[in-house]
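Colleague: Pasting the sequence and the predicted coordinates here, then a few questions.
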Amino acid sequence: MKKTIISFIAIIILFFGVVYFSVFTGSIDVSMSELIHGLVSGTNADVQVIKDLRFPRIIIATFAGASLSVAGVLLQAVLRNPLAEPGIIGVSAGAGFMGMLMVAIFPTLFFFTPLFAFIGGAIAFALVYSFSWKSGLNPLRMILVGVAVNAIFTSLSQTFNYRGSYTSSLVTEVTTSTLAMKKWSEVEIIVTYGTLGLLVAFLVFSWCNYLVLEDKTAKSLGFNVNLARFIVSAIAVLLTSIATATAGMFIFVGLIIPHIGRLLVGTDHKKLIPFSAILGAVLILLSDTLGRLIIAPNEIPASIIMALIGGPFLIFLLRKSDRIYGN
Amino acid sequence: MEIKNITYSYHDKKNVLENVNAGIELGKITTIIGPNGSGKSTLLGIMAKHYTPRKGNVILDGKGLSAYKSKELAKKIAIVNQQNSAPNDLTVEKLVSYGRLPYKTIFSSDKDADKEAIEWVLSETNIQHKRHETIDQLSGGERQRVWIAMSLAQQTPFLFLDEPTTYLDIYYQYEVLDLINRLNKEYEMTIVMVLHDINQAIRYSDKIIVMKNGTVFVHGDPDTIITVDLMKEVYGIDMMIKNEKDTGLYTIPIGI
C-alpha cells in the first residue's frame, strides 16, 4: 500500500517535472514570467512560437502515451495475455493503415482520420481475436496471429509510402511517430476522444479485474464475460486508434508501461489504469522532448527514444522483482 | 433439479454426452464418478450453464437453465472449477469478495450484507487469519479453500465442485471433503461434485452417479450400486469390495 502511494506521488511529480522541462527547453528560451505574461497578452513572438509548436506536441504526446498504455492494460486483461499490446498484435498497424488509406483516397476527409483509424484497428483486432479463438484463447497462438496481422498491415502501409506520390507527405504522419508540427486542431481531436476513452477505461476497472480470472470462474459469478470483453476491447481499440491517428506509431509502450505499473502498484486495475496512464504520458513526453534536443535542430522520433528508455528500465525492474504477470 | 435428455458435443464431433437423465435430490450430496472422458465434468459444466446442451434441458426450480439471467443463476448455483487462476498479488479477502458480484448492480450494493457474508465464509472455511495474505503466499490446500470461500460468498442453495481434491495431499483432501460435508449438514446445501477417488465418493455421498461413455450408467445409493461387477464393467478393473462394521463400504483395486 505504501509502495503504491509513493509510486503515485513520484509519478505525478515526475509528470509535472517533465512538462516543465519540455515547455522551457529547446531552441527558444523564455522564462516562466515571460511565458505567463506572453500567454496572457499575446504580444511576445517567442511565446507565440512555443504556444503554437511546443504546447500542441506536449499535449498530444501526453495523451498518446496515456492512451496507448491504457490500451495495453485493457488488451492484456481482455486477452488474458501478458504479451498483448496494441503494437504487437497489429491494432496500431491496422489503425495506421486504414487512416492512411482513407486520407490517400479521400484527402478532403482528413478530419475523419481517427474514425477510419478506429475501423482499421477494429478490423485488425477482430482478425486476431477470431483466428486465435479455438475453444478458448490460446495465448501463444494469439501472439503469432497478432505478429502476422501486424506484419500484413505494416507492409501494406509501407507499400503506400513507397509510391512517392503527392499523398505520401500527408501519409507519413500516420506511419511514423514524429510529433513535430502538430496543430491545435489535432490537439482538440486527441483531447476529446482521449479523455473520453481514458475516462471510460477507468470506469470499467472492475470488469478488467474479473476478466483476468478464468472465463468459467467469471461466468459462474454471473459476470457477462462476452459483453465485458467486447466493450473493453472496443475501448482499447478506440484509445489505440486515436493515438495512432494523431501521434503515429508507438510500438512497445503498451507492453512496457503496464508491466512496470504492475510491479509498482500491483494488478488491481483501479490503480493500474490511472498509474499506467500517467507513466505512459511521462515516457512519451520525455522521449519526445529528448528526441528534439539531442541532435537539434534535427529530431529523433519519440518512439525510438521511448524504446531506448523503456526497454532497459523494464529489464531492470524485472530483475529486481520475481513477480511477473502471467506467471 | 432435473437433468432431462441432455445431449452435448464440442465442435460437432462425437457426442460427449448422450441422452443423459438424472434427478438431483435437494439437500443431499451427489457425486459423479466415472473413467476419464466419460463426461463427468462436462455434465457438471452443463448443470452450471457453462455449456449449452444441443438437446435437452436442465430444470431448476421449475424453470429451464436457459431461461435464467446470469446473475439470477449465480444466486442459485455456485461452482468451484477445477482450474482457477488469479493475479498473485490479490488478497484472500478481495478474491472472496468477488463472490458477492451477483448481488451487485451498477448503481448499488448492500455493503453490510456483503461484509456479513464474507465474514461468514472466511470463518466457515477457516481462513480468517489469512485474509490479508496474497494468493501466492498460500499453500495448495489453503488456495482451494479460498476458491470454495468465494463460491460460498454467493450464498447459493446449490454448490458444485469439479474435482475439488485433485492436486491436494491427503490431509487437505479430507479437510476439503469435511468442509463440504459440514456445509451440507449444517446449511442443507445441495452439493454435486465430481470425484476420482471411489472410496471418497462412497464415504461422502448420499447418491452416486456413475458415468460411462457419455451416459449415466447407474445412479443410486453408494451401498447398493457399488459392486464388483459394476467396477469391472465401468472401469475395467478387478476390485475387492468390503463392508465392515468400523470402516463401512470400501473398495480395493486388485488388478486389471
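Modeller: The structure has been received and is ready for your questions.

Colleague: just for the stretch 201-327 of chain A, where's the confidence low?
Modeller: A:320-327 (pLDDT under 70).

Colleague: Up against chain B, what does it have?
Modeller: A:209-210, A:212-214, A:216-217, A:219-224, A:266-268, A:323, A:325, A:327 (CB under 8 Å from any CB of the partner chain). C-beta: built from backbone N, CA, C; applies to glycine.

Colleague: what residue is smack in the middle of the chain?
Modeller: Went with chain A since none was named. Centre of chain A computed as the mean C-alpha position; nearest residue by CA atoms, centre = their mean is A:Leu68, 1.9 Å away.

Colleague: Chain B was what I was after
Modeller: B:Leu161 (1.9 Å).

Colleague: quick one, what contacts that residue?
Modeller: By CB atoms under 8 Å, 6 or more residues apart in numbering or on different chains, the contact list for B:Leu161 reads B:79-80, B:148, B:180, B:191-194.

Colleague: Okay, and which of those map to strands?
Modeller: Counting by DSSP state E, these place B:79-80, B:191-194 in strands.

Colleague: out of these, who's nearest chain A?
Modeller: Closest approach to chain A among the ones in strands among the contacts of B:Leu161 (CB to the nearest CB): B:Ile79, at 4.6 Å.

Colleague: Report pLDDT for the closest one.
Modeller: On pLDDT, B:Ile79 comes in at 95.

Colleague: for the helix or strand hosting A:Arg292, packing partners?
Modeller: According to DSSP states H and E, A:Arg292 maps onto helix A:269-293. Counting contacts by 3 or more CB pairs under 8 Å, 6 or more residues apart in numbering or on different chains; DSSP states H and E, helix A:269-293 is packed against helix A:2-24, helix A:55-78, helix A:184-203, helix A:205-211, helix A:253-265, helix A:302-320.

Colleague: Just the buried residues of that helix, please?
Modeller: A:269, A:271-292 (16 or more other CB atoms under 10 Å in any protein chain shown).

Colleague: Mind listing residues that contact the strand or helix carrying A:Ile123?
Modeller: Using DSSP H and E, A:Ile123 falls within helix A:113-132. Here helix A:113-132 makes contact (CB under 8 Å, 6+ apart) with A:79, A:86, A:89-99, A:101-103, A:109, A:138, A:141-142, A:145-146, A:149-150, A:153, A:174, A:189, A:193, A:233-234, A:236-238, A:240-242, A:244-246.

Colleague: Whichever of the residues you listed count as buried, I'd like them selected in PyMOL; how would that read?
Modeller: Those of these that count as buried under 16+ other CB under 10 Å are selected in PyMOL with:
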select buried, chain A and resi 79+86+89+90+91+92+93+94+95+96+97+98+99+101+102+103+142+145+146+149+150+153+174+189+193+233+234+236+237+238+240+241+242+244+245+246
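
Colleague: Now the residue in the stretch 51-200 of chain B positioned nearest to chain A: closest residue in space that isn't a chain neighbour?
Modeller: Nearest residue of the stretch 51-200 of chain B to chain A: B:Ala74, at 2.9 Å (CB to the nearest CB). Nearest non-adjacent residue to B:Ala74, counting by CB to CB, 6 or more residues apart in numbering or on different chains: A:Gly222, 2.9 Å away.

Colleague: now do B:Tyr167
Modeller: B:Gly140 (6.0 Å).

Colleague: Can you get me a residue count around the one you found?
Modeller: Residue neighbour count, defined by other CB atoms under 10 Å in any protein chain shown, stands at 11 for B:Gly140.

Colleague: And A:Asn226, by the same measure?
Modeller: Applying the criterion other CB under 10 Å, we find 10 residues in the vicinity of A:Asn226.

Colleague: my read is it is in a helix, agree?
Modeller: Yes: if the criterion is DSSP: H, G, I helix; E, B strand; the rest coil, then A:Asn226 is within a helix.

Colleague: contacting residues around stretch A:191-202?
Modeller: By CB under 8 Å, 6+ apart, stretch A:191-202 touches A:59, A:63, A:66-67, A:70, A:73-74, A:114, A:235-236, A:238-239, A:242-243, A:273-274, A:277.

Colleague: what about 6 Å?
Modeller: With CB atoms under 6 Å, 6 or more residues apart in numbering or on different chains as the test, stretch A:191-202 has contacts from A:63, A:67, A:70, A:235, A:238-239, A:242, A:273, A:277.

Colleague: Show me which of those residues is closest to chain B.
Modeller: Nearest to chain B among the contacts of stretch A:191-202, with distances taken as CB to the nearest CB, is A:Ile273, at 14.3 Å.

Colleague: That closest one reaches A:Trp207, doesn't it?
Modeller: No: using CB atoms under 6 Å, A:Ile273 is not in contact with A:Trp207; the gap is 11.0 Å.

Colleague: Contact partners for the residue lying farthest from the centre of chain B?
Modeller: Distance from the centre of chain B peaks at B:Phe107, with 32.2 Å (CA atoms, centre = their mean). By CB under 6 Å, 6+ apart, no residues touch B:Phe107.

Colleague: Outside of stretch A:281-291 itself, which residues are in contact with it?
Modeller: Contacts with stretch A:281-291, where a contact means CB under 6 Å, 6+ apart, come from A:14-15, A:18, A:22, A:61-62, A:64-66, A:179, A:299-300, A:302, A:305-306, A:310.

Colleague: again with stretch B:123-135
Modeller: Residues contacting stretch B:123-135 (CB under 6 Å, 6+ apart): B:86, B:88-93, B:122, B:145, B:148-149.

Colleague: May I see the buried residues of that stretch?
Modeller: B:124-125, B:127, B:130-131, B:134-135.

Colleague: Now secondary structure too, for these, in CSV please.
Modeller: CSV is the format used below for the buried residues of stretch B:123-135 (three-state DSSP):
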residue, secondary structure
B:Glu124, helix
B:Thr125, coil
B:Ile127, coil
B:Lys130, helix
B:Arg131, coil
B:Thr134, strand
B:Ile135, helix
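
Colleague: Which two among those residues are spaced furthest apart?
Modeller: Maximum pairwise distance among those (CB to CB): 21.2 Å, between B:Glu124 and B:Thr134.

Colleague: The residue nearest to B:Ala74 looks like it's in a strand, true?
Modeller: No: under three-state DSSP, A:Gly222 falls outside any strand and is assigned coil.

Colleague: quick one: the longest helix seen in chain B to strand B:190-194, angle?
Modeller: Among the segments of chain B that qualify as a helix by DSSP state H, the longest is helix B:170-187. Interaxial angle of helix B:170-187 relative to strand B:190-194 (axes from the mean of the first three to the mean of the last three CA atoms, to 10 degrees): 160 degrees.

Colleague: coming back round to it: for the residue nearest to the centre of chain B, give the beta-bridge partners.
Modeller: Per DSSP bridges, the residues bridged to B:Leu161 are B:Val80, B:Met193.

Colleague: got the residues of chain B near chain A?
Modeller: B:50, B:70-71, B:74, B:79, B:81, B:84-85, B:87-89, B:101-102 (CB under 6 Å from any CB of the partner chain).
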